[in-house]
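1. test case, fold it:
(6 chains, ligands or ions: 6)
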Amino acid sequence: MSEILSLAAANLLSPMILSFVLGLAAALARSDLTVPEAVAKGMSLYLLFAIGFKGGAAVAAHGVDGRLIAALLAGVVLSAALPLVAYALIRAITRLGPTDAAAVAAHYGSISIVTFVTASSVLQAQGIAAEGYMVAVAAAMEAPAILTALWLANRAGAERDNDPDLWREIAFNGSIVLLVGSFLIGLATGETGLAKIDAFIVAPFQGVLCLFLLDMGLVAGRGLKGARGVLGGGTLAFGLLMPLIGAGFGLATALLLGLSPGGVALLMVLCASASYIAVPAAMRVALPAANPALSLTLALGITFPFNLTLGIPLYIALAQTLTGA
Amino acid sequence: MSEILSLAAANLLSPMILSFVLGLAAALARSDLTVPEAVAKGMSLYLLFAIGFKGGAAVAAHGVDGRLIAALLAGVVLSAALPLVAYALIRAITRLGPTDAAAVAAHYGSISIVTFVTASSVLQAQGIAAEGYMVAVAAAMEAPAILTALWLANRAGAERDNDPDLWREIAFNGSIVLLVGSFLIGLATGETGLAKIDAFIVAPFQGVLCLFLLDMGLVAGRGLKGARGVLGGGTLAFGLLMPLIGAGFGLATALLLGLSPGGVALLMVLCASASYIAVPAAMRVALPAANPALSLTLALGITFPFNLTLGIPLYIALAQTLTGA
Amino acid sequence: MSEILSLAAANLLSPMILSFVLGLAAALARSDLTVPEAVAKGMSLYLLFAIGFKGGAAVAAHGVDGRLIAALLAGVVLSAALPLVAYALIRAITRLGPTDAAAVAAHYGSISIVTFVTASSVLQAQGIAAEGYMVAVAAAMEAPAILTALWLANRAGAERDNDPDLWREIAFNGSIVLLVGSFLIGLATGETGLAKIDAFIVAPFQGVLCLFLLDMGLVAGRGLKGARGVLGGGTLAFGLLMPLIGAGFGLATALLLGLSPGGVALLMVLCASASYIAVPAAMRVALPAANPALSLTLALGITFPFNLTLGIPLYIALAQTLTGA
Amino acid sequence: MQTHAAKRVEIIIEAPMESRLTAALEKAGVTGFTVLPVLGGSGRSGRWTREGQVGRSGMVAVICLIRPDRLDTLLDAAFAVVERHIGVVSITEAQVLRAERF
Amino acid sequence: MQTHAAKRVEIIIEAPMESRLTAALEKAGVTGFTVLPVLGGSGRSGRWTREGQVGRSGMVAVICLIRPDRLDTLLDAAFAVVERHIGVVSITEAQVLRAERF
Amino acid sequence: MQTHAAKRVEIIIEAPMESRLTAALEKAGVTGFTVLPVLGGSGRSGRWTREGQVGRSGMVAVICLIRPDRLDTLLDAAFAVVERHIGVVSITEAQVLRAERF
Ligand SMILES: Nc1ncnc2c1ncn2[C@@H]1O[C@H](COP(=O)(O)O)[C@@H](O)[C@H]1O
Ligand SMILES: Nc1ncnc2c1ncn2[C@@H]1O[C@H](COP(=O)(O)O)[C@@H](O)[C@H]1O
Ligand SMILES: Nc1ncnc2c1ncn2[C@@H]1O[C@H](COP(=O)(O)O)[C@@H](O)[C@H]1O
Ligand code: NA
Ligand code: NA
Ligand code: NA
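-> Ligands and ions are numbered 1, 2, ... in the order given. Next up is the predicted model:
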């Protein structure tokens, strides 16, 4: 326990987390500090490209693990199943109607790639290895949750648009395509490819992540300020409970799969985190009656900071203890 | 021959080319992946600044080669003469009218700086030296083609605006100014200057180029999708033949000038490539009746990918064989 | 003297200053070269973050100097007092009315962070150490000048809006928050934190500064071109005299405080430089009748280039001579 | 100078719906429109700015100039898309040059 | 399709004044508006473009669709803010769909 | 509040022509205008978006508020520039505050 706390403290004192805190504080103090939209988007492209490429190169270096397919399948199942848990929980402890509950559930079944990137960074700093293909698992977990959530909303009779383009849009969502594409490029070019571009995607990675988390803090803080009244006690509790429940499912699955300690921690992070990029846009199209501020504030204002500060060190500590590492 | 093929294969398996392919594939699959305009512009400023500066610093280090002036003049002549060849070819094998043919010819006389940058990178990776002043030659080749093309259009009686500002705009086009300016800065500050900023302009260069080529793939792919019907068989053949013809002229000139193997390859690349930045804007002003989609699709959708994937390794192999290196 | 000149010459021949000159020349030649607004903003965020963090990490490494509080207080007093000098001078040698004079005075009491960043870079290149907390002094000097200037305008009966939000906006201005915040992060995480991100904030720093100064040159050049007629001989003289006067006050104060040679030079630079980010926006809100083009052209078109080219080497040479280093 | 009566329709709509709206317009034979970026706004669903979002898709403004007799076709097509979504539609009287273009 | 008379007010104002304008509008009960970015312009205080500034705050355009009877309230609120500042205010007649939203 | 009749002219034009248009306007004595960015559009020359271009110059929208009696001067000046280029010009009736500014 004290070990977890000291890990958490070390995590909190990293430039990355403090940059996030700075952004949060600046937003709450109503500072006009902003990262231009184009720059934030550019940094997220950089992070996706780098993490995908490095994952692919790692798989190329260590050979394809027999568990890759199993892990991918497990990711798809988790992403599709967690919205059911989330939906039941949110209906039980809040007064949200079925449409809003389904939209929130979609966010929590899907994943937050920045949380994943931050966790990978922390693992690397602590010298804990993880399976390179976990980025492919992350990509596989983006979309299935949306299907389950729409099914839930439909079942509850929610008005929803039937839109043939939506499925293509979800499957070829920019972040999925870039993550999978750069993973494949890393896999194809391996160590040789990595050597050519590591001064770009390895060395400055953590620094870019700092500036990106600064922006995430600003956005999360502004979202929280704008959402006074949107969040009640029940929804707040959901935003803190659901990541722990998700992490539990991730932990059990990862142990079953026999992943390495780092891999276990990353699957926990994926299950614990909630989407705030791909899913919100899909919900606007498919469930226009759902309140977008609600899901976004929960995912970005409550769950993301929780995972970033306390969640990640907790999941890593548990993963290490339970794999006996 | 088999050597060329294996070179081409190695080239195709580099992170840079694969990033371009990823962008192309994402666009064709109608993914919403996009690089923000400001970020793409920022990366192109970076690439121009870095390539110009390194060229200048190389000239400062190795001394001004007596062939510099001759190479510059040859570049101007090639840029002014190639539109005549392109015009004749396009009129012969397509049904385009004189205005459209002249506009296309302007694009092919001018150059694509990204193709040049990629070729420089490939040469460097293979340890083949090239004259540092080739970037100055690239800058010199941007504009003359426009003059020839306007003369051709005029002769054919095309309606065109006589615009006194146009010439200043072409001569002080942003990419020419930045390329020449950073070349001069590199020349003035030499190795000392380079040492100060090489962690910025040398180490991450290839990585930035990957992300930039990803965007080029997206743009080229979207252009191709939007241009169904614009390109017939004749124009398509032109887009593949013209780079080879241009490269032939470049090869002959470079051998006459006695350039190094790397320099020969780069002059071939300049002659083989077609502009899609400076020339399109100039054509909109001077030849408003020309269809902009046509030139852009040819230059960016056909010739650029051809040069990037097959052209560059082919030109390098020929340059090495014929200079006996 | 000849030493100052050779220092100035060496300074002028650095890639950074030449990039600024390139931007200036391109703007005056009416080139369409531009750095997208978002990219320029992104680079300025990077520079603020990097300089703040490094300052904080330096303080963490060398221990908090007893002079930190004294230096901060001195900065606040200088920023509040210099507008009085500037106001008197501008009223004496130009025909500007009290409102315009007060607005100009606010700019000169406040500071230009890019001038500070460039001076820090020059010092580092010459191996001259400076107190890490000078970035905190820079942050402290941003705002007080605005108060004095508004008091001056009020006293002269200028029409001005009384706006309760203005003070919060000034105090939590984005650049102040980022500078102070990253300073604190650097202080908290120290050398360990710096080691994690130095490949991002240290190695490429000077290169990014080059591109940023290129943009500053473009903006300054365009401002100068647009402001023909705005600047008379008197205002021009003010733009060249005031930095020297400010530097004098900075010098005297720094010697009193007993700062290191680098610290003396930096305080001179802060006093000599004029704001063109935080103050202009505040003036638009509080003194809408003041002509914004006037202050901006003076600060950015006259004083900034003067400091960048001649001022910085002069201040460094004086600081070294007078501290006996 | 010779001008011709037209309608100027301005549709402010969520960015993820843009491609659906323009597809519907094209299907209805409306092939002329211009898309402008939007920085922020306020309405029944509250205040938003681009800064408060990550994906930051936000909203866009679509402007159509159209012959008066084609207005209803356009409004029907547009309304089918925006109906259940947030956003506003406004119409003003306008004059255009070069009527043959519309 | 059923439309309703409305006024379209367009206010072009310095960016540092944007939050003050929207606060004044909200205080006056105007809760619907859209903010568009501006690249440059020209007026009595001369020509400017985003490229000529560093902070580059520039200007923004605020568009309000409003019921005709609420126009004066809006103009009074807006005028109090823009009065001493550079910028322009224009009003056009418009029709809107879904009047219940305004 | 006192308002004055004016015309609102909106010109959507290719970005490389922007400086030519504003120069022509200024030459014709029109010194007030605002330039807005454009994300994409569709017209007789097909569909385009900023994403489909490299130089990505695209188009811009220029808005002029002008006294009714000066409209023809403006349209003549604008038309001379846009004549052979793609783009559209529309005019709406407007009211402005602070007429002395126009
Ligand atoms: N009255 C209005 N005038 C101008 N824009 C509006 C108005 N009402 C809503 N909007 C725009 O439409 C968006 C969604 O509006 P709403 O559906 O009312 O939440 C807002 O964020 C504004 O950008
Ligand atoms: N007549 C006009 N038509 C359109 N926009 C204008 C007009 N006059 C001024 N503006 C805009 O308002 C800004 C400030 O105008 P001014 O206060 O006249 O300097 C200009 O930069 C333009 O963006
Ligand atoms: N009817 C229209 N309504 C609004 N914008 C239009 C219209 N027609 C053309 N445009 C704009 O003008 C550009 C060029 O039109 P065109 O010259 O018809 O190809 C288009 O890309 C649109 O941005
Ligand atoms: Na999840
Ligand atoms: Na060529
Ligand atoms: Na100062």
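
2. list the contacts of residue A:134.
-> A:55, A:71, A:116, A:120, A:263, A:266, A:267, A:270 (C-beta atoms under 8 Å, 6 or more residues apart in numbering or on different chains). For every residue, glycine as well, the C-beta is placed using N, CA and C.

3. what kind of secondary structure is residue D:17 in?
-> Following DSSP: H, G, I helix; E, B strand; the rest coil, residue D:17 is assigned to helix.

4. which ones among the contacts of residue A:134 are found in helices?
-> Per DSSP state H, helices hold the following members of these: A:55, A:71, A:116, A:120, A:263, A:266, A:267, A:270.

5. now the two most distant members of the residues you listed.
-> Of all pairs drawn from these, the greatest distance, 15.4 Å, lies between A:71 and A:120 (C-beta to C-beta).

6. got a winner among the contacts of residue A:134 for most neighbours?
-> residue A:267 (32 neighbours; other C-beta atoms under 10 Å in any protein chain shown).

7. chain D: strands as residue ranges?
-> With DSSP state E, the ranges of strands along chain D come out as D:4-14, D:33-37, D:40-43, D:46-49, D:59-66, D:87-96.

8. right, so of the ones you listed, which gets closest to residue E:11?
-> When the strands of chain D are compared by C-beta to C-beta, strand D:40-43 sits nearest residue E:11, at 13.4 Å.

9. contacting residues for residue A:55?
-> Counting by C-beta under 8 Å, 6+ apart, residue A:55 touches A:132, A:133, A:134, A:135, A:136, A:183, A:186.

10. need the three-state assignment for the first one.
-> It stands for residue A:132. Taken by three-state DSSP, the conformation at residue A:132 corresponds to coil.

11. do you know how far the residue lying closest to it once chain neighbours are set aside is from ligand 3?
-> Nearest residue to residue A:132, sequence neighbours excluded (C-beta to C-beta, 6 or more residues apart in numbering or on different chains): residue A:58, at 2.8 Å. To ligand 3, residue A:58 is 46 Å away according to C-beta to the nearest ligand atom, to the nearest Å.

12. what do you get for residue A:271?
-> To ligand 3, residue A:271 is 46 Å away according to C-beta to the nearest ligand atom.

13. among the strands of chain D, which comes closest to ligand 1?
-> Of all the strands of chain D, strand D:40-43 sits nearest to ligand 1, with 2.2 Å by C-beta to the nearest ligand atom.

14. tell me, how many residues neighbour the residue in the stretch 51-200 of chain A that chain C sits nearest to?
-> Closest contact between the stretch 51-200 of chain A and chain C, by C-beta to the nearest C-beta, is at residue A:125 (7.1 Å). If you count neighbours by other C-beta under 10 Å, residue A:125 ends up with 15.

15. now residue A:75
-> Counted with other C-beta under 10 Å, residues neighbouring residue A:75 total 25.

16. show me what the host helix or strand of it packs onto, helices and strands only.
-> Using DSSP states H and E, residue A:75 maps to helix A:67-93. On a contact count with 3 or more C-beta pairs under 8 Å, 6 or more residues apart in numbering or on different chains; DSSP states H and E, helix A:67-93 meets helix A:98-109, helix A:134-140, helix A:144-155, helix A:233-257, helix A:261-272.

17. need the ones you listed in JSON lines (columns: mean pLDDT and distance to residue A:177).
-> Listed next are those as JSON lines, based on pLDDT from 0 to 100; distance: least, C-beta to C-beta, whole Å:
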{"stretch": "helix A:98-109", "mean pLDDT": "96", "distance to residue A:177": "20"}
{"stretch": "helix A:134-140", "mean pLDDT": "96", "distance to residue A:177": "9"}
{"stretch": "helix A:144-155", "mean pLDDT": "94", "distance to residue A:177": "16"}
{"stretch": "helix A:233-257", "mean pLDDT": "97", "distance to residue A:177": "24"}
{"stretch": "helix A:261-272", "mean pLDDT": "98", "distance to residue A:177": "18"}
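
18. what stretches of chain D score poorly on pLDDT?
-> Within chain D, the ranges that satisfy pLDDT under 70 run D:50-57.

19. was I right about residue A:307 contacting residue A:273?
-> Yes. Taking C-beta atoms under 8 Å as the definition, residue A:307 is a contact partner of residue A:273 at 5.6 Å.

20. touching both of the two, which residues are there?
-> Contact criterion C-beta under 8 Å, 6+ apart; residues shared by residue A:307 and residue A:273: A:112, A:115, A:243.

21. can I get the residues you listed in a markdown table with distance to chain E and neighbour count?
-> Written out in a markdown table, the entries for the shared contacts of residue A:307 and residue A:273 read as follows (distance: C-beta to the nearest C-beta, whole Å; neighbours: other C-beta atoms under 10 Å in any protein chain shown):
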| residue | distance to chain E | neighbour count |
| --- | --- | --- |
| A:112 | 29 | 28 |
| A:115 | 31 | 25 |
| A:243 | 34 | 28 |
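
22. can you tell me which of these lies closest to ligand 5?
-> The shortest approach to ligand 5 among the shared contacts of residue A:307 and residue A:273 belongs to residue A:112, at 46.2 Å (C-beta to the ion).

23. chain neighbours aside, what residue packs nearest to the closest one?
-> The shortest distance from residue A:112 to any non-neighbouring residue, by C-beta to C-beta, 6+ apart, is to residue A:273 (3.7 Å).

24. so residue A:150 makes contact with residue A:285?
-> No. Residue A:150 is beyond contact range of residue A:285, at 10.6 Å (criterion: C-beta under 8 Å).

25. of the contacts of residue A:55, which pair is most distant in space?
-> Using C-beta to C-beta, these span at most 13.0 Å, a distance reached by A:134 and A:186.

26. since that was my last question, I'll sign off now.
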